[in-house]
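Undergrad: no sequence for this one, just the structure:
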Ligand SMILES: [Zn+2]
């Protein structure tokens, strides 16, 4: 990796050695990029052949790529103030994917990175968002700056700019940046100046629009019209704003580098779309037009009904990246009320077991996200019949056992399917997981590394008191902190609320390593937000003792953020007024808005899902 970076940055790594140091435990972050001696918590560096999955291998590779790139971006050249933290973190988050792609193209980390783009957009499409570059005045504000806007939006904006100016001119600017500021400090504007000097295109307007104001642009495709005599399609577009609440829908303008092309063609049209008026793009060829080809742009796209129907019919012919973009955009546009959830479900009917495994992962996650919204509703069981049948169909194709030479991402899909089906209380999956879990002591072949964690997690999801005791006993018997962690986190997934309460109580005993307690509580909160919230508020002093200073500010809002019930939003407000200082206000507002949004989506989208299920039996 050092060799690759020496070449990329054009300034060789200047120290005589680079150590990777690891130690037990876990914090609210994975590693720290000290110059010449990177520190990692164990799960972020060590691979255990008996326990590590394909996902662990990819994530560890990515985190190492991230930290090593910091030896240049962060250490050799450091941002002048915290305001420009994104220069370090956005850049390293972009580079981790780029480097992974160079060394392991088959992992297709750009497809996986779409998930990070989604988490950034979920924050960025709210009133509580902030620009990538922002004033940091206090230590607390600096700590809060380490969020998905800084890392993931930062990374996506860099990717968009690189794809707009081209790989070579972009790298030339980075090399200049290293030469000009080595052993010194830099600010965001320095990078734009260097880019402006090497780029054939003017870039500052795009870069400033995306880094100095928050929010997510929406590109509306108003119409697509084939002009047969010219063999081109005229695409009428308008730039607007994608928002999840009223305040985040207020108009805002960006210079958006838009690409478009006919599916299946490699002729891509580029144009900057700016401001509120309409813009026309002429795309070569006739057929379904896809905007944001390859999905390197940071914006959402909404199509008029005719263009969307054309894309839906040709979905199978789109690249994996474009399929994933269409699914993500239509799911999120539906949640936000721009489309009906039926559009998303309709699109997803075109997925098959031979679709790209990372695209299928999006489907698995969206099935679970909808299921979470159904929590406590009587219509949940009917939805689950549909969800279980779809996912168990996929698991049947993928199988419980890896095939020789199968793609690494299939292994990730298998593990996710097992865990998802267990969350959906799928009887056959729970039975098979318990069989393998029980038999593994005498026959380790029942739980090969790539599914071992998934099996333990599945057993955890379905755990009753007896199984909780078993997981606990196995955790305490183990000398290995990684293994201990696996058993305890599995128990924290219990869907049964009595078991979940036992896990919360266990988290505050001395038997659990201090740094693991917050992770256990957060894991319980995914399934039982209300229960975890009440428990944490009741035992706040004991919980706070186990948090590092990063986590102390936003721990309680993070617990509540899993809720979809306004009662929890009210409880959070009451707690915050009493116990969370000014520094935490932003995260409280963020969580409140997530809960209220979840409640809105329940009322808006679930009736659409129910109607679709009724019509598509
Ligand atoms: Zn970093």
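TA: Looks like it came in fine. Note that this is a predicted model, so its numbers are computed, not measured.
Undergrad: against residue 336, how distant is residue 102?
TA: According to Cβ to Cβ, to the nearest Å, residue 102 and residue 336 sit 36 Å apart. Quick note: C-beta positions are derived from backbone N, CA and C, even for glycine.
Undergrad: next, count neighbours for the residue lying closest to residue 534 once chain neighbours are set aside.
TA: With Cβ to Cβ, 6 or more residues apart in numbering as the measure, residue 571 is the residue that lies nearest to residue 534, at 7.8 Å, once sequence neighbours are left out. Using other Cβ atoms under 10 Å, residue 571 has 19 other residues around it.
Undergrad: also residue 289?
TA: Using other Cβ under 10 Å, residue 289 has 26 neighbouring residues.
Undergrad: confidence score at the residue of the chain found nearest the ion?
TA: Closest approach of the chain to the ion (Cβ to the ion) occurs at residue 92, with a separation of 4.4 Å. Looking at residue 92, its pLDDT reads 96.
Undergrad: cool, and the one 5 residues further on?
TA: On the pLDDT scale, residue 97 is placed at 97.
Undergrad: correct me if wrong: it contacts residue 155.
TA: Yes: assessed by Cβ atoms under 8 Å, residue 97 is found in contact with residue 155 at 7.2 Å.
Undergrad: okay, and the common contacts of the two?
TA: Overlap of the contact sets of residue 97 and residue 155 (by Cβ atoms under 8 Å, 6 or more residues apart in numbering) consists of residue 113.
Undergrad: which bits of this protein sit near the ion?
TA: Taking Cβ under 5 Å from the ion, the part of the chain that reaches the ion is made up of 89, 92.
Undergrad: pLDDT below threshold where in the chain?
TA: Regions of the chain meeting the criterion pLDDT under 70 cover residues 27-28.
Undergrad: so after whichever strand or helix holds residue 369, what's the next helix or strand?
TA: Element membership of residue 369, judged by DSSP states H and E, is helix 357-373. Going down the chain from helix 357-373, the next helix or strand is helix 380-398, by DSSP H and E.
Undergrad: coming back round to it: so for residue 102 and residue 336, which sits in the more crowded spot?
TA: Ranked by neighbour count (other Cβ under 10 Å), residue 102 and residue 336 place residue 336 first, with 22 against 13.
Undergrad: so what's the more buried one closest to, chain neighbours aside?
TA: Nearest-residue entry for residue 336: residue 244, 5.3 Å, with adjacent residues in sequence omitted and distances by Cβ to Cβ, 6+ apart.
Undergrad: in the protein, which spans are strands?
TA: Ranges of strands in the chain, per DSSP state E, are 19-23, 31-32, 37-41, 77-79, 184-186, 216-227, 232-242, 255-262, 269-274, 278-284, 289-291, 300-303.
Undergrad: Serialize those to CSV and add fields for distance to residue 107.
TA: Conversion of those to CSV gives the following (distance: least, Cβ to Cβ, whole Å):
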stretch, distance to residue 107
strand 19-23, 21
strand 31-32, 20
strand 37-41, 20
strand 77-79, 28
strand 184-186, 31
strand 216-227, 27
strand 232-242, 29
strand 255-262, 24
strand 269-274, 28
strand 278-284, 31
strand 289-291, 24
strand 300-303, 26
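Undergrad: for residue 535, which of those strands is the nearest?
TA: The stretch from those with the least distance to residue 535 (Cβ to Cβ) is strand 37-41; that distance is 25.2 Å.
Undergrad: so what are the sheet partners of that closest one and their directions?
TA: Here strand 37-41 has these sheet partners by DSSP bridges: strand 19-23 (parallel), strand 31-32 (antiparallel).
Undergrad: quick one, what contacts residue 361?
TA: Residues in contact with residue 361, defined by Cβ under 8 Å, 6+ apart, are 115, 412, 413, 416.
Undergrad: would you show me how to pick out the buried ones of those in PyMOL?
TA: Buried members of the contacts of residue 361 can be picked out in PyMOL with the line below, counting by 16 or more other Cβ atoms under 10 Å:
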select buried, resi 412+413+416
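Undergrad: pipe the contacts of residue 361 into CSV and attach distance to residue 69 per row.
TA: Output for the contacts of residue 361, formatted as CSV (distance: Cβ to Cβ, whole Å):
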residue, distance to residue 69
115, 20
412, 24
413, 28
416, 28
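Undergrad: among the contacts of residue 361, which one sits closest to residue 278?
TA: Among these, and counting by Cβ to Cβ, the member closest to residue 278 is residue 115, at 32.2 Å.
Undergrad: tell me who's in contact with the closest one.
TA: Residue 115 makes contact with 361, 362, 365, according to Cβ under 8 Å, 6+ apart.
Undergrad: dump the residues you listed to a markdown table, plus distance to residue 42.
TA: Listed next are the contacts of residue 115 as a markdown table, based on distance: Cβ to Cβ, whole Å:
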| residue | distance to residue 42 |
| --- | --- |
| 361 | 26 |
| 362 | 30 |
| 365 | 27 |
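Undergrad: right, and out of those residues, which lies closest to residue 292?
TA: Looking across those and measuring by Cβ to Cβ, the closest to residue 292 is residue 362, at 15.7 Å.
Undergrad: and that closest one, how many residues sit next to it?
TA: Neighbour count for residue 362, taken as other Cβ under 10 Å: 23.
Undergrad: go on, residue 578?
TA: Neighbours of residue 578 under the rule other Cβ under 10 Å: 8.
Undergrad: residue 105 now?
TA: When neighbours are defined as other Cβ under 10 Å, residue 105 has 10 of them.
Undergrad: please verify my assumption that residue 494 contacts residue 460.
TA: Yes: using Cβ under 8 Å, residue 494 and residue 460 qualify as a contacting pair, with a distance of 6.2 Å.
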